[in-house]
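1. Here is my input; please provide its structure:
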Amino acid sequence: MSALRRLRNFWVLWVTTIVLACFSNAVAQESYKVTDLGVLPNHNLGCAMGLNNRGWTEIMEGNLAAGTENSTSGILLNGRVGMNIDGINFDLGTLGGKNSWTNYGGINEQGEAVGYAETAVPDPNGEDVCLFGTGLTCRAFLWRNGRMHGLAPLEGGNNSQASAINNQGQTSGYSENGLVDSTCPTTVRNNRIDLPVLWEKDTVRLLSTVGRDPDGVAYGINNQGQAAGYSGTCTSANHAVRWEKDGTATPLDDFGFPGDSFGFGINDHGEIVGVAFGADGVQYATIWQGKAITNLGTLPGDVAYLGEGINNQGQAVGSTIDSLGNWSHAFLWQNGVMIDINTLFPASSNLYATMANQINDSGQISGMAVVQTGPHATEVHAFVATPVNESVGQSVADVASTLPKVSLPANVGNQLLRRFGPGQSVR
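-> This next block holds a predicted model:
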């Protein structure tokens, strides 16, 4: 089952007066200056994924067919990885193909960035791992000193993806080993085994999976060399995982529903943020401290919750999805409370945040938001929100006449939602 279809199956609505009361307290505590990072020229989709402590961001940039920005039948014409440094956007390029893309934590303090990009070579097994419909080989990349270069996959493999890089230059991700995955249905196009890996000085190192799991993906990595991700099969994530520096995998607890748990971000204390399914079938944003798991809470009207980034102060951010499968709210979790970030944005902001991906140690947040008015209305832009020491007063959530709902085109949804399901589930 695809990640998109799975997320749309959650029709349980949650409305709690306790959470609403906590929101009113949180609004008085903190507000943000919101910076619209825009998009690259001729693009109308921007989503800030990576964020370092300098406030530099790595951004997914895309060009959607005009008039289809909020249509599930629209077409993603292209996708590129960009970077924003001190307000300047620039394209990181590709490995010879047309497109590139990125996942979590893709930029470190030195401004080195990672992700994945198409080469000019057709995949010899007919796969389309970059998911742009081109059938080109997809390779993990490292961008350093103004140049993108590919990272070698495991021996026998053709495709790989990089997700995050730490300040020591260690990069987490996954690589194929070239073998056909026996757990993939016969209808699955991308049917090779994916294995969790780290790249160190351009050398790929295999990480273990749990038990007999054939597949896994390493998403986040901290400055201690610990990584977070999942271990599972072609179509299921059996365990959220923390990898130690020696590459051994520790499975993390869940909420009692076996399978489909993911670790996405990990801080320098080894705390992991991610998702886990409850016994009620709801996908909850979670934090693991050691092996202990904490449910981050709910927002009224939303039915799925994705924990995506965590800083060294233990603040976490993520995104919610409504009952129709729309990106709904970006959230901040702190002091045990999940807060709709839009209640902390001033009314003067022209952005309504639907996704939050990273939070740095200064409390800055990167993500994706809908432009509400003006010539770029309905476009989806990358943003950075910076805490300020003043009351927010009226918030953008107070004055928005309607709550923007981001129903991105189907192939854009695959590109974004693949981060919340097994690496092969959207093949």
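
2. Tally up the residues packed near residue 245, please.
-> 11 (other CB atoms under 10 Å). Glycine gets a C-beta too; all of them are placed from N, C-alpha and C.

3. What is the burial count for residue 159?
-> Look at residue 159: counted by other CB under 10 Å, it has 25 neighbours.

4. Same question for residue 96.
-> Neighbours around residue 96, by other CB under 10 Å: 15.

5. Equivalent analysis for residue 137, please.
-> Neighbours of residue 137 under the rule other CB under 10 Å: 26.

6. Thought residue 157 was touching it, still the case?
-> No - in this structure residue 137 lies outside contact range of residue 157 using CB atoms under 8 Å: 10.2 Å.

7. Mind listing the shared neighbours of these two?
-> With contacts defined as CB atoms under 8 Å, 6 or more residues apart in numbering, no residue is shared by residue 137 and residue 157.

8. Look up which residues are beta-bridged to residue 206.
-> residue 197 (DSSP bridges).

9. Just confirm it contacts residue 195, I think it does.
-> Yes - Residue 206 is within contact range of residue 195, at 6.0 Å (criterion: CB under 8 Å).

10. The host helix or strand of residue 164 pairs with which strands?
-> In this assignment (DSSP states H and E), residue 164 forms part of strand 160-165. With DSSP bridges as the test, strand 160-165 is paired with strand 171-180 (antiparallel).

11. roughly how far is the strand it pairs with from the heart of the chain?
-> 19 Å (CA atoms, centre = their mean, to the nearest Å).

12. Ok, stretch 356-372 next?
-> 12 Å.

13. end to end, how far does it reach?
-> This stretch, stretch 356-372, spans 17 Å end to end (CA to CA, to the nearest Å).

14. How about stretch 205-223?
-> OK, stretch 205-223 end separation, CA to CA: 17 Å.

15. average pLDDT for that stretch?
-> Across stretch 205-223, pLDDT averages out at 97.

16. Can you list the buried residues in that stretch?
-> The neighbour-count check on stretch 205-223 (16 or more other CB atoms under 10 Å) flags 207-210, 213-222 as buried.

17. Can you tell me which of these comes closest to residue 320?
-> residue 219 (19.2 Å; CB to CB).

18. picking up where we left off before, secondary structure and distance to residue 278 added to the buried residues of stretch 205-223, as TSV?
-> Below are these laid out as TSV (DSSP: H, G, I helix; E, B strand; the rest coil; distance: CB to CB, whole Å):
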residue	secondary structure	distance to residue 278
207	coil	28
208	coil	27
209	coil	24
210	coil	21
213	coil	22
214	coil	26
215	strand	24
216	strand	23
217	strand	22
218	strand	25
219	strand	21
220	strand	22
221	strand	27
222	coil	27
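
19. Now the two most distant members of those residues.
-> That would be 214 and 222, which, of the buried residues of stretch 205-223, are the farthest apart (CB to CB) at 26.1 Å.

20. Does residue 226 touch residue 270 like I think?
-> Yes - at 5.7 Å, residue 226 counts as touching residue 270 under the criterion of CB under 8 Å.

21. Tell me which of those two has more neighbours.
-> For residue 226 versus residue 270, the count of surrounding residues by other CB under 10 Å is larger for residue 226: 21 against 15.

22. who touches the more buried one in this structure?
-> 242-245, 266, 270 are the contacts of residue 226 under CB under 8 Å, 6+ apart.

23. thinking residue 344 is in contact with residue 332, fair?
-> Yes - assessed by CB under 8 Å, residue 344 is found in contact with residue 332 at 7.1 Å.

24. Can you list the buried residues in stretch 192-202?
-> Buried residues in stretch 192-202 (16+ other CB under 10 Å): 192-199.

25. If you could redo that for stretch 133-150, that was the one I meant.
-> In stretch 133-150, counting by 16+ other CB under 10 Å, buried: 135-143, 148, 150.

26. Now tabulate those in JSON lines and tack on pLDDT, distance to residue 34 and secondary structure.
-> What follows is the buried residues of stretch 133-150, written out as JSON lines (pLDDT from 0 to 100; distance: CB to CB, whole Å; DSSP: H, G, I helix; E, B strand; the rest coil):
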{"residue": "135", "pLDDT": "95", "distance to residue 34": "39", "secondary structure": "coil"}
{"residue": "136", "pLDDT": "97", "distance to residue 34": "37", "secondary structure": "strand"}
{"residue": "137", "pLDDT": "98", "distance to residue 34": "39", "secondary structure": "strand"}
{"residue": "138", "pLDDT": "97", "distance to residue 34": "34", "secondary structure": "strand"}
{"residue": "139", "pLDDT": "98", "distance to residue 34": "35", "secondary structure": "strand"}
{"residue": "140", "pLDDT": "98", "distance to residue 34": "32", "secondary structure": "strand"}
{"residue": "141", "pLDDT": "98", "distance to residue 34": "30", "secondary structure": "strand"}
{"residue": "142", "pLDDT": "97", "distance to residue 34": "31", "secondary structure": "strand"}
{"residue": "143", "pLDDT": "97", "distance to residue 34": "27", "secondary structure": "strand"}
{"residue": "148", "pLDDT": "97", "distance to residue 34": "30", "secondary structure": "strand"}
{"residue": "150", "pLDDT": "97", "distance to residue 34": "36", "secondary structure": "strand"}
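
27. Pick out whichever of these sits closest to residue 368.
-> residue 143 (20.9 Å).

28. Output the below-cut-off pLDDT ranges for the chain.
-> Applying pLDDT under 70 to the chain picks out residues 1-30, 64-76, 258-259, 401, 407-427.

29. 80 instead?
-> Residue ranges of the chain with pLDDT under 80: 1-30, 42, 63-77, 257-259, 291, 325, 390-393, 400-427.

30. all helices of it, in order?
-> 3-7, 17-27, 396-399, 410-417 (DSSP state H).

31. distance between the third one and the chain's centre?
-> A distance of 26 Å separates the C-alpha centroid of helix 396-399 from that of its chain, computed with CA atoms, centre = their mean.

32. Pull it out as CSV, backbone CA atoms only.
-> Extracted in CSV, the C-alpha atoms of helix 396-399 (Å, rounded to 0.1, in the frame of the first residue of the first chain):
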residue,chain,number,x,y,z
VAL,A,396,-2.1,34.4,11.2
ALA,A,397,-4.3,31.6,12.4
ASP,A,398,-6.7,34.2,13.9
VAL,A,399,-7.1,36.2,10.7
